[in-house]
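> Turn this into a model:
(2 chains)
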Amino acid sequence: MTMLKRRLMRSAALTVPGLALATALAGCATPPPKSDTADYQAYQQLNDPLEPTNRVFYTVNDKLDTYFMKPVAEGYVHITTQGIRNHVGDFASNIDEPARMLNFMAEGYPRDAGTSLVRFLVNSTVGIGGIFDPASAMGYPETDTDFGQTLATWGVPAGPYLYLPVFGPSSARDVWNLPVEWFATPMEAAPASGALSAFGYSETGLHLVNTRAELIGPIDQIKATALDPYATFRSLYRQSRASQLQQIQQRDNRTWPDWYSQPSKP
Amino acid sequence: MHFRRIILSAIASAPLLAAMVGAAQALTPDQAKDFITQSGDKLVAIVNGGGSEGQKAGQLRDLVNQIVAVDQVGDYVLGRYNNVATPAQKQQFQGLFHQLLSYNITYQIKAYQGVTFNVNSATPQGDDVLVDTTITTPGKAPADVGWVVEDDAGQPKIIDVIVAGTSLRITTRNDYAGVITDNGGQVSALLNAMQNQISKISAAQ
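Predicted structure coming up:
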């Protein structure tokens, strides 16, 4: 395990008791009385019993983002072109392909797992270590999944909404994605070394900055136009996760060669 | 006897039902696609055209009122609080919603300079039609944007915008509900927040 990962794991491990403590201090949202049917149903539907705590973490992350992440991302945009940012995005995405393959297998979608495998093999070689994405042009477009989606396909409900310090929007189900993601990278398979740690630092840092840079416009717009940015991000997160799951379940990949008939997914 | 009466009445009402269904689904995918193409062309012409930012914002506001079913979207966004709000509050809400929607659309006119617009496909979704488009802005990755179009008294109108699987009207509904629930279920709190937002944007422009 690289040093960076160890640190992140430690901070994630500290997050859980921290979350519990903060919850105890800040308290939970008070549910409306059951007699008030409409309000009670709305409260249940919202499924955010830790809202007071979540809002505290949202404020902390917002400050962190405003004074650190966003200025760094703006500087990065200033010195890079859209082309470079696309290649950085492709590179980071390629490193995650083995994890996607494992998740697709666990979800019972072998064709999607095959797509991830082909993408990783093609882009790591022809695509020069993942900087280019020739696999998309060959008919293997990027398909996204993670352990949270795997749990969803197994029937685990999303559970209460969680807003994590540093990591941002999540849920009682999706939070399990964090520890799984640390372990499921190709770097884990390589023997530990100083160079690998340095690579891990650089890759994670660059990926974060690159992703934040791509989101400068949308995040600015949400913060400027939303009346309650916390509720808006919560809604966007949930809709986006539901849409990703729907795409995974509805996609009907064709194999090449056409080995056998291509039944639609149910 | 009772059962026979149900069957007979069902058979008798079948043509009426078909006519009603026909009326509700008057909008075809091709019509919706044409509507979005024309609306998109107008939008791009305004954004990339000459004139000051203020003039462009005015033109965009007019266009939004022509192509978006703002009242219906407002009703949807207010959701269950439609039953809680007084008639006066509802009227005030619709007025503020019209203003805010225009402001939000014109918020980043500068950022969209040089925008191009491609209409890809149209798929029926119940009584509505979802038109998929790709919007390309210089220096940014192309964005896939879906427009939900419905038939509003014989005229096609936009009722929702879908970006990366997220619906703008659902997001706005949740945003506004967040303000109301945070203020003990008071619709007046939402109206105040909307008014403050409008003042803030007006001052910034």
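> which residues of chain B fall in strands?
With DSSP state E as the criterion, chain B has strands at B:116-125, B:128-136, B:143-152, B:155-163, B:166-167.
> Quick one: mean pLDDT over the second one.
The predicted model gives strand B:128-136 an average pLDDT of 94.
> Next, the angle from it to strand B:116-125.
For strand B:128-136 against strand B:116-125, the angle by axes from the mean of the first three to the mean of the last three CA atoms, to 10 degrees is 160 degrees.
> what's strand B:128-136 packed up against?
Counting contacts by 3 or more CB pairs under 8 Å, 6 or more residues apart in numbering or on different chains; DSSP states H and E, strand B:128-136 is packed against helix B:29-48, strand B:116-125, strand B:143-152. Where you see a C-beta, it was placed from the backbone N, CA and C, and this is true even at glycine.
> go on, the fourth one?
Taking 3+ CB pairs under 8 Å, 6+ apart as contact, the helices and strands that strand B:155-163 lies on are helix B:29-48, helix B:70-78, strand B:143-152, helix B:168-182.
> Other residues contacting that strand?
Here strand B:155-163 makes contact (CB atoms under 8 Å, 6 or more residues apart in numbering or on different chains) with B:27, B:31-32, B:35-36, B:39, B:67-69, B:72-73, B:76, B:128, B:130, B:143-151, B:167-169.
> Turn the strands of chain B into CSV, columns for distance to residue A:174 and mean neighbour count.
Shown next, in CSV, are the strands of chain B (distance: least, CB to CB, whole Å; neighbours: other CB atoms under 10 Å in any protein chain shown):
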stretch, distance to residue A:174, mean neighbour count
strand B:116-125, 27, 15
strand B:128-136, 27, 19
strand B:143-152, 24, 19
strand B:155-163, 21, 19
strand B:166-167, 16, 18
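> State the three-state secondary structure for the residue located most distally from the centre of chain A.
Distance from the centre of chain A peaks at residue A:35, with 38.5 Å (CA atoms, centre = their mean). The three-state label given to residue A:35 by DSSP: H, G, I helix; E, B strand; the rest coil is coil.
> what about the helices in the stretch 151-266 of chain A?
Using DSSP state H, counting those that start in this stretch, the helices assigned to the stretch 151-266 of chain A run over residues A:177-183, A:194-214, A:216-225, A:229-250.
> Run through who's touching the last one.
It refers to helix A:229-250. Here helix A:229-250 has contacts from A:48, A:54-55, A:58, A:62, A:107, A:109, A:112, A:143-145, A:148-149, A:152-153, A:158, A:161, A:163, A:168-171, A:174, A:222-223, A:226, A:265, B:164-167, B:170-171, B:174-175, B:177-179, using CB under 8 Å, 6+ apart.
> hmm, back to that, please name whichever of the helices and strands packed on strand B:155-163 is nearest to residue A:39.
Closest approach to residue A:39 among the helices and strands packed on strand B:155-163 is made by helix B:168-182 (8.2 Å; CB to CB).
> Check which residues of that closest one are buried.
Neighbour counts over helix B:168-182 (16 or more other CB atoms under 10 Å in any protein chain shown) mark B:168-182 as buried.
> That helix and chain A in contact?
Yes: under the criterion of CB under 8 Å from any CB of the partner chain, chain A is reached by helix B:168-182 at B:170, B:171, B:174, B:175, B:176, B:177, B:178, B:179, B:181, B:182.
> which residues make contact with that helix from outside it?
Against helix B:168-182 from outside (CB under 8 Å, 6+ apart): A:42, A:46, A:226-228, A:230-232, A:234-236, A:239, B:73, B:76-79, B:81, B:159-162, B:186-187, B:189-190, B:193.
> And the average pLDDT for it is what?
Rounded mean pLDDT across helix B:168-182 is 94.
> Where in chain B is the helix or strand with the lowest mean pLDDT?
Every helix and strand in chain B was compared by mean pLDDT, DSSP states H and E; the lowest is helix B:2-24, with a mean of 50.
> ranges for the strands of the stretch 51-200 of chain A?
Remark: strands assigned in the stretch 51-200 of chain A by DSSP state E, counting those that start in this stretch are A:161-164, A:168-171.
> Flag every buried residue along stretch B:66-79.
Across stretch B:66-79, burial judged by 16+ other CB under 10 Å covers B:67, B:68, B:69, B:70, B:73, B:74, B:76, B:77, B:78, B:79.
> one step back: for the residues of helix B:168-182 next to chain A, which one is nearest chain A?
Nearest to chain A out of the residues of helix B:168-182 next to chain A is residue B:178 (CB to the nearest CB; 2.6 Å).
> how near is residue B:86 to residue B:186?
Computed as CB to CB, to the nearest Å, the residue B:86 to residue B:186 distance reads 12 Å.
> In terms of neighbours, single out the busier of the two.
residue B:186 (16 against 10; other CB atoms under 10 Å in any protein chain shown).
> Contact partners for that one?
Residues residue B:180 are the ones in contact with residue B:186 under the rule CB under 8 Å, 6+ apart.
> if I look at it, how far off is residue B:107?
Distance from residue B:186 to residue B:107, by CB to CB: 27 Å.
> related to what we said a few turns ago, compare the helices and strands packed on strand B:128-136 and give me the one nearest chain A.
Of these, nearest to chain A by CB to the nearest CB is strand B:143-152, at 9.4 Å.
> Give the other helices and strands that the closest one contacts.
Applying 3+ CB pairs under 8 Å, 6+ apart, one finds that strand B:143-152 contacts helix B:29-48, strand B:128-136, strand B:155-163.
> Packing partners of the longest one?
Judged by 3+ CB pairs under 8 Å, 6+ apart, the packing partners of helix B:29-48 are helix B:53-67, strand B:116-125, strand B:128-136, strand B:143-152, strand B:155-163.
> Which of those sits closest to residue A:122?
Nearest of these (CB to CB): strand B:143-152, 24.1 Å.
> Each with direction, which strands does the closest one pair with?
Using DSSP bridges, the strands paired with strand B:143-152 in its sheet are strand B:128-136 (antiparallel), strand B:155-163 (antiparallel).
> and the last one, average pLDDT?
In this case it means strand B:155-163. On average, strand B:155-163 scores 94.
> Same question for stretch A:191-207.
On average, stretch A:191-207 scores 84.
> Tell me if that stretch is near chain B.
No: against chain B, stretch A:191-207 shows no contacts by CB under 8 Å from any CB, the least distance being 15.8 Å.
> just how off-centre is that stretch within its chain?
20 Å (CA atoms, centre = their mean, to the nearest Å).
> mind listing what's buried in it?
A:196, A:197, A:200, A:203, A:204, A:207.
> try stretch A:216-235
Quick answer for stretch A:216-235 (16+ other CB under 10 Å): A:219, A:222, A:224-235.
> Okay, angle between the lengthiest helix in chain A and helix A:229-250 too, please.
What stands out as the longest helix in chain A, according to DSSP state H, is helix A:82-107. Relative orientation of helix A:82-107 versus helix A:229-250 (the same axes, to 10 degrees): 60 degrees.
> From residue A:234, how far off is the nearest residue to residue A:163 once chain neighbours are set aside?
Nearest residue to residue A:163 in three dimensions, chain neighbours excluded: residue A:54, at 3.8 Å (CB to CB, 6 or more residues apart in numbering or on different chains). To residue A:234, residue A:54 is 8 Å away according to CB to CB.
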